[in-house]
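1. Here you go, sequence then predicted model.
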Amino acid sequence: MSSYDVDLFVIGGGSGGVRAARIAAGHGARVMLAEEYRMGGTCVIRGCVPKKLYVYASRFADDFADAEGYGWTIPEKPTFDWTRLVEAKEREISRLSQIYANNLGKAGVEIVQSRAEIMDANTVRLVSQDRRVTAGTILVATGGTPVLEPSIPGLELAISSNELFDLPEFPKRLLVIGGGYIGVEFASLFARLGSNVTIIFRGENVLRGFDDDLREGLRTELAHAGIRILAGALPTGIAQTTDGRRVSFSNGETGVFDQILVATGRRPHTKGLGLEAAGVETDALGAVKVDAFARTNVPSIYAVGDVTNRVNLTPVAIREGHAFADNVFGGKDVAVVHAGIPTAVFTTPEIGTVGLSEQEARKIFNIVDIYSASFRPMKATLSGRQEKTLMKIVVDGETDQVLGVHILGHDAGEMAQLLGISVKLGAKKADFDATMAVHPTAAEELVTMRTRSARYEREVLDAGPGAAIAEA
Ligand code: NDP
């Protein structure tokens, strides 16, 4: 038995912290976990889970509209009650939050509802109780927090995704600032729930870093949903008027909105955590610097999840938390691999993607083959909905290995999960071709794309005078 109060002190009851605490306790460690807000963290309380529930709510709008083409008559125009949705969501996340707490309790973890701050390499202070706890190991799993940028006059009149879920009134006119994951997801879902949505982003298109064809396809779908798109522009000021919040834009336009969502990224949640007191190194954004085993420069302090600002996704934090606990308390030696992570963006239609985009592949590989299909999903035929599904396979032209698969369409997130396995196994395009189709599905396109859409050959850099400079 060590002389410390506990073997492990976990700061943060989100995806990474909860998993780490439960697994460590399973290995026999005495574990205490502090959470200052609600058990479950961003994902469960004000992120992935409530967002997906709201996405489901929003898609009924399309279903009601599509039903007519399939012979249904909807007697009255369906109406939507925001307050009922918020209440239903609240019940579900409270249930999940309780399950998290129960599971930790069953595993023998002591949960403390308090902010915790690090005092030194082995001591934590529980702020609400003004109590000190010593620990053999401290795990920092405090996640991230929204960044409110750009700093323009009147920005205090805007909100982050934290507040959007529980607005007392439904925003009939919504401005979304930022074209990343959060921006496009909320623009898409609020437009379907009935908001008049404008999205503004500084780049030329949404979702920087995703495959360009998907970005273009999604932008078209956002426009089809009636969303006003202001690309290459920024808000320059916000002022309260009797009619709402008046926003001026850098392109000279203005607009009046009920709510303004700032979705310009998230930062590691490390302010005031006491990392300096313990000598833990952070980067310029405040992210805790760790190695592949979640180790900081202080031997007794580890960090997992968004607070390390590597790949800020829930499943990654869970995997990191699990590996940490197995390594430190279970005698294992697991490094988490951050490559080839499948991911989804829950717009409608949604995006599912794994591996390299065409643009990334062409920077790395000598020959890149592209197979792509763009088609009207079967459901849209009778409904008459104007919608395109896009599928794209990026292949190493020299080895036939599939480098990336990108989908914009219904259930793309579900497909991405399974494609993630194929890509991880190093599947070749020939393996896709040899797989029998499931008919009639959209996914069958993935195994029936026989004709190459494009081949890109990288020119040799050192081919001598006059040689074209390779793109990469
Ligand atoms: P993102 O980093 O995805 O997007 C940020 C957006 O804001 C980009 O359009 C960016 O533009 C823009 N931006 C950044 N800084 C400024 C600035 N100073 N002024 C104006 N515009 C700016 O962040 P999100 O907030 O959308 O999401 C945060 C993270 O949450 C994601 O990275 C993701 O890890 C996670 N998440 C995952 C989801 C999922 O898996 N489905 C869903 C929601 C969130 P530019 O591109 O030009 O930099």
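-> Arrived safely, thanks for sending.

2. Quick one: list the elements packing against the helix or strand that Arg125 is a member of.
-> Per DSSP states H and E, Arg125 falls inside strand 123-126. Helices and strands touching strand 123-126, as assessed by 3 or more C-beta pairs under 8 Å, 6 or more residues apart in numbering; DSSP states H and E, comprise strand 116-120, strand 131-140. (Each C-beta comes from the backbone N, C-alpha and C, glycine too.)

3. Relative to Gly108, which of the ones you listed is closest?
-> Closest to Gly108 of the helices and strands packed on strand 123-126, according to C-beta to C-beta: strand 131-140, at 15.4 Å.

4. Up against the ligand, what does this protein have?
-> By C-beta under 6 Å from any ligand atom, the residues of the chain that approach the ligand are 149-150, 178-183, 185, 201-203, 208, 234, 263-266, 312-313, 343-346.

5. Any idea how many residues pack against the residue in the stretch 351-472 of the chain that the ligand sits nearest to?
-> Residue of the stretch 351-472 of the chain nearest the ligand, by C-beta to the nearest ligand atom: Gly413 (8.0 Å). For Gly413, the count of nearby residues is 18 (other C-beta atoms under 10 Å).

6. Pretty sure it sits against Thr348.
-> No. Using C-beta atoms under 8 Å, Gly413 makes no contact with Thr348, being 11.4 Å away.

7. Can you pull out the low-pLDDT segments for the stretch 351-472 of the chain?
-> 459-472 (pLDDT under 70).

8. which residues of it fall in helices?
-> 358-364, 379-383, 412-424, 429-434 (DSSP state H, counting those that start in this stretch).

9. Could you point out which of those helices sits nearest Ile11?
-> That would be helix 412-424 among the helices of the stretch 351-472 of the chain, by C-beta to C-beta, at 30.5 Å.

10. Remind me what the closest one packs against, helices and strands.
-> strand 343-345, strand 350-355, strand 402-409.

11. Okay, buried residues for that helix please.
-> Neighbour-count burial for helix 412-424 flags 412-413, 415-416, 419-420, 422-423 (criterion: 16 or more other C-beta atoms under 10 Å).

12. Rebuild those residues as a markdown table, extending it with distance to Pro50.
-> Below are those laid out as a markdown table (distance: C-beta to C-beta, whole Å):
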| residue | distance to Pro50 |
| --- | --- |
| Ala412 | 21 |
| Gly413 | 16 |
| Met415 | 24 |
| Ala416 | 21 |
| Leu419 | 26 |
| Gly420 | 24 |
| Ser422 | 31 |
| Val423 | 30 |
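
13. Quick check: of those, which lies closest to Pro299?
-> Gly420 (34.2 Å).

14. Tell me which residues touch that closest one, please.
-> Contact partners of Gly420, counting by C-beta atoms under 8 Å, 6 or more residues apart in numbering, are 340-342, 354.

15. Buried subset of those, written for PyMOL?
-> PyMOL command restricting the contacts of Gly420 to the buried ones, with burial defined by 16+ other C-beta under 10 Å:
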select buried, resi 341+342+354
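
16. Using pLDDT, spot the least trustworthy of the contacts of Gly420.
-> The lowest pLDDT within the contacts of Gly420 belongs to Gly340, with 94.

17. you'd agree that one is up against Val316?
-> No. Applying C-beta under 8 Å, one finds Gly340 not in contact with Val316, separated by 11.8 Å.

18. if I look at the closest residue to Glu117 other than its chain neighbours, how far off is Thr123?
-> Using C-beta to C-beta, 6 or more residues apart in numbering and skipping residues adjacent in sequence, the residue nearest Glu117 is Gly274, 4.2 Å away. Relative to Thr123, Gly274 is positioned 9 Å away (C-beta to C-beta, to the nearest Å).

19. cool, and Ile74?
-> 63 Å.

20. Of the helices of the stretch 351-472 of the chain, which is nearest Thr142?
-> Per C-beta to C-beta, nearest to Thr142 of these: helix 412-424, 27.0 Å.

21. need the longest helix for this structure.
-> helix 82-107 (DSSP state H).

22. List the buried residues for that helix?
-> For helix 82-107, by 16+ other C-beta under 10 Å, it's 85-86, 89, 93, 96-97, 100-101, 104.

23. Okay, and Lys332 sits in which element?
-> Using DSSP H and E, no helix or strand contains Lys332.

24. What is the neighbour count of the single nearest residue of the chain relative to the ligand?
-> Distance from the ligand to each residue of the chain (C-beta to the nearest ligand atom) is smallest for Gly180, at 1.8 Å. Gly180 has 19 neighbours, counted by other C-beta under 10 Å.

25. Looking at Ile74 and Thr123, which has the bigger crowd around it?
-> More neighbours surround Thr123 than the other of Ile74 and Thr123, with 19 against 10 (other C-beta under 10 Å).

26. mind listing what the residue nearest to that one when sequence neighbours are not counted touches?
-> Closest residue to Thr123 apart from its sequence neighbours, by C-beta to C-beta, 6+ apart: Thr134 at 5.3 Å. Each residue near Thr134 by C-beta under 8 Å, 6+ apart is listed here: 3-6, 122-124.

27. my guess is Lys289 contacts Leu275, does it?
-> No. At 10.2 Å, Lys289 and Leu275 do not qualify as touching, with contact defined as C-beta under 8 Å.

28. Give me the more crowded residue out of these two.
-> Leu275 (23 against 14).

29. right, and the more buried one touches Val140 too?
-> Yes. Leu275 lies in contact with Val140 (C-beta under 8 Å); the separation is 7.4 Å.
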